[in-house]
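Trainee: Prediction below, plus the sequence it came from.
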Amino acid sequence: MTTIRYRPLAFGVTRAVLREGAPGTQYLRAETELGPYRDRMTDRLAHWAEAAPERTFIARRERLADGSTGDWQRVSYAEALQKARSIGQALLDRGLSPDRPVAILSENSIEHALLALGCLYAGVPYCPVSPPYSLVSQDFEKLRHVLDTLTPGLVFAADAARYARAIQAVVPAGTEVVLAEGQLEGRATTSLDALAATPATPAIDAAMRATGPDTITKFLFTSGSTKMPKAVINTHRMWCANQQQLRQSIPALGEEPPVLVDWLPWNHTFGGNHNVGIVLDNGGTLYIDDGKPTPGGMAETLRNLREIAPTIYFNVPTGFEAIAHAMETDAVLRRNLLSRVKMFFYSGAALAQPIWDSLHRTQEAEVGERIVMGTGLGMTESGPFALYVTGPEVKSGDIGLPAAGIELKLIQIDGKTEVRYRGPNITPGYWRAPEATAEALDEEGFFCTGDAVKWIDENNIHRGLRFDGRIAEDFKLATGTFVSVGPLRAKIIAAGAPYVQDAVLTGINLKEVGALIFPTQKVRELAGLPADATMQQVLESAPVQARFQQVANELAAMGTGSANRVARLHLMAEPPSIDKGEVTDKGSINQRAVLKHRAHLVEALHADTLPFTLKPR
């Protein structure tokens, strides 16, 4: 038997302590204790500005007039500190506060980062708002909800041209608007350059020193499913504790200044807390990737990865799928991306095993060893890092053990095991939503995640846990048997790889399980039709129908009963809608929202009146 060789990577938490509670309840924690962590994140900015003043903190390619990108524009740690102090002074002069915070309408950018640092320095909370709420939405309902919840004293937008319609529709006339570029017709605005030119005084340094573990750093809104998004309070304690937990679970983060090439949006905790925090806390460099894991966006991501070699690379499953495909034929990409990367890390959804296998084959052929694919489990309310795998032999669905300092409560609910969190990285609650906060905490103060888990090996707790879906997503058939959505969805994605982007399971209170299939763009290659063919024409083509008939047959053969046998499939020509909350801008599907907004399709699917329904043969 050949021994699999992995690029060396240490794992910091490999053993756990389990104790029994009331019937149906267990408590799990890392054997390792949490080390000391800092009082505020801004201390790290000051530290690196002194220790490595010329080192690049953040970089982004210049935006050219024709919409393309040019050379890298860089900001050093010393420059970042100087800008943060000046911008912070301007915010302090305006009397901004948690009740009048800063709302940021912008994608990831250098200007966004500098304004955020200024807010941190001044002790003024900020909120990076999901760009699609401004740029994609037609009714601005969610943007209006965000601003109504926050009552911001200042709203920043990346540029007037793209954000003008949203600002005019939603931002109150008396609220100051700051722009990185352009002007708004009929409305007075302030330029970000004017804020950055404000002379810093001793007052701003005093304001920074007055912040501490309980100071609110930012508000991050949940994606929302059947309800409007909630504003998760983030504090310095959460962020600093979480960075220490990360370093103890992944020691490589502290071994050298990390280099990240990253597109993950800062309005999400994965990009904005986890990844930006890794760079800032460990004195690294963040190259903002203006690409995305979409057919139109991957070219920019691949361009960046051919040029900048990350030490750790983060992405979501759709991103890794595109990279795995590109590396099969792109020698420059393979050579640069694999040159010094210590670990790949995915989050947001399950990574199909065929994609994992493809990455490993390419790595072994190129560098003679595999790169560890790290993953875990967390959420906005946990900062986000909560669990992490315990060794290199990771399988799809593994999430590992709790980070040092966090205690898990494992509680039996309707035949599933829900995981709940308690620790210094857990949010104190939802902003201006005391009822929602109280509802999220159980009687012992554990945060109820709604995530289900199970042991990788019931005879060896030190191997950790596997993800077992969402409690709220699981449902019963008419027979009374539970359908476990997470594992079954993962089987569908694996069986349909590389043609299945995601799947939403149907059949609540019905006799059989069905699935709405959202395809990847690779189905166009399979169809072999002209480039201008509609997605409906692609999905109705004979090669695509034949391939998915195979998928239907394979899934049926895997089933052992009605609860895990997929009885019907429908291929979706219309992608999930951000506006309707069916998908986040990070690409994660919202099962409940899809079922709500496409109820007529679900009804037709199970009534056998939906055209091109595929059934096992």
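Mentor: Yep, it's here. Quick caveat: nothing in here was measured; it's all calculated off a predicted structure. Numbers count the residues shown, from 1 in each chain.
Trainee: Show me which residues of the helix or strand harbouring residue 59 are buried.
Mentor: Assigned by DSSP states H and E, residue 59 falls within strand 56-63. For strand 56-63, burial by neighbour count (16 or more other Cβ atoms under 10 Å) applies to 56-61. From N, CA and C alone the C-beta is placed, and that goes for glycine too.
Trainee: For those, work out which two are farthest apart.
Mentor: Largest separation among the buried residues of strand 56-63 by Cβ to Cβ: 57 and 61, giving 15.9 Å.
Trainee: Neighbouring strands of the helix or strand containing residue 17 in the sheet, and parallel or not?
Mentor: Using DSSP H and E, the element containing residue 17 is strand 16-20. Strand 16-20 pairs in its sheet with strand 25-30 (antiparallel), by DSSP bridges.
Trainee: Report the distance from the strand it pairs with to the chain centre.
Mentor: 26 Å (Cα atoms, centre = their mean, to the nearest Å).
Trainee: May I have the phi/psi pair for residue 471?
Mentor: The phi/psi pair for residue 471 (degrees, to the nearest 10) reads phi -50, psi -50.
Trainee: ok, back up a step: quick one: which of the buried residues of strand 56-63 is nearest to residue 553?
Mentor: residue 61 (46.6 Å).
Trainee: residues in contact with that closest one?
Mentor: 69-73, 288, 290, 304 (Cβ atoms under 8 Å, 6 or more residues apart in numbering).
Trainee: Mind giving me the ChimeraX select for these, buried ones only?
Mentor: Of these, the buried ones go into a single ChimeraX selection, burial set by 16+ other Cβ under 10 Å:
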select :288,290,304
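Trainee: where along the stretch 351-500 of the chain do the helices fall?
Mentor: 353-367, 434-440, 485-496 (DSSP state H, counting those that start in this stretch).
Trainee: Taking helix 485-496 as reference, get the angle to whichever helix or strand comes after the last one.
Mentor: The helix or strand immediately downstream of helix 485-496 is strand 500-506, counting by DSSP H and E. Taking axes from the mean of the first three to the mean of the last three Cα atoms, to 10 degrees, one finds that strand 500-506 is oriented at 140 degrees with respect to helix 485-496.
Trainee: Quote the end-to-end distance of stretch 48-56.
Mentor: Terminal residues of stretch 48-56 lie 10 Å apart, using Cα to Cα, to the nearest Å.
Trainee: Name the residues that touch that stretch?
Mentor: Counting by Cβ under 8 Å, 6+ apart, 57, 74-78, 80-81, 257, 280, 283, 285 sit against stretch 48-56.
Trainee: which among those end up buried?
Mentor: Buried among the contacts of stretch 48-56 (16+ other Cβ under 10 Å): 57, 74-78, 80-81, 257, 280, 283, 285.
Trainee: In a markdown table: those, plus pLDDT.
Mentor: Formatted as a markdown table, the buried ones among the contacts of stretch 48-56 follow (pLDDT from 0 to 100):
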| residue | pLDDT |
| --- | --- |
| 57 | 98 |
| 74 | 98 |
| 75 | 98 |
| 76 | 98 |
| 77 | 98 |
| 78 | 98 |
| 80 | 98 |
| 81 | 98 |
| 257 | 98 |
| 280 | 98 |
| 283 | 98 |
| 285 | 98 |
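Trainee: Show me the domain layout of the chain.
Mentor: 1-40+238-472, 70-211, 475-606 (automatic domain parsing).
Trainee: hmm, who's touching stretch 543-556?
Mentor: By Cβ under 8 Å, 6+ apart, stretch 543-556 touches 491-492, 495-496, 499-500, 517, 523, 526-528, 538-539, 565-569, 571, 612, 614-617.
Trainee: Among those residues, which ones are in strands?
Mentor: In this view, the contacts of stretch 543-556 that belong to strands under DSSP state E are 500, 517, 566-569, 571.
Trainee: May I ask which two of these are separated the most?
Mentor: 500 and 567 (17.1 Å).
Trainee: thinking again about what came up before, from the contacts of stretch 543-556, keep the buried residues only.
Mentor: 491-492, 495-496, 499-500, 517, 523, 526-527, 538-539, 565-569, 571, 614, 616.
Trainee: Make sure residue 277 is actually in contact with residue 37.
Mentor: No: Residue 277 is beyond contact range of residue 37, at 11.5 Å (criterion: Cβ atoms under 8 Å).
Trainee: Pull up the overlap in contacts between the two.
Mentor: residue 243.
Trainee: From residue 590, how far off is residue 195?
Mentor: 36 Å (Cβ to Cβ, to the nearest Å).
Trainee: Just the helices from the stretch 201-350 of the chain, written as ranges.
Mentor: Along the stretch 201-350 of the chain, the stretches classed as helices by DSSP H, counting those that start in this stretch are 202-210, 236-249, 269, 276-282, 298-307, 317-327, 331-337.
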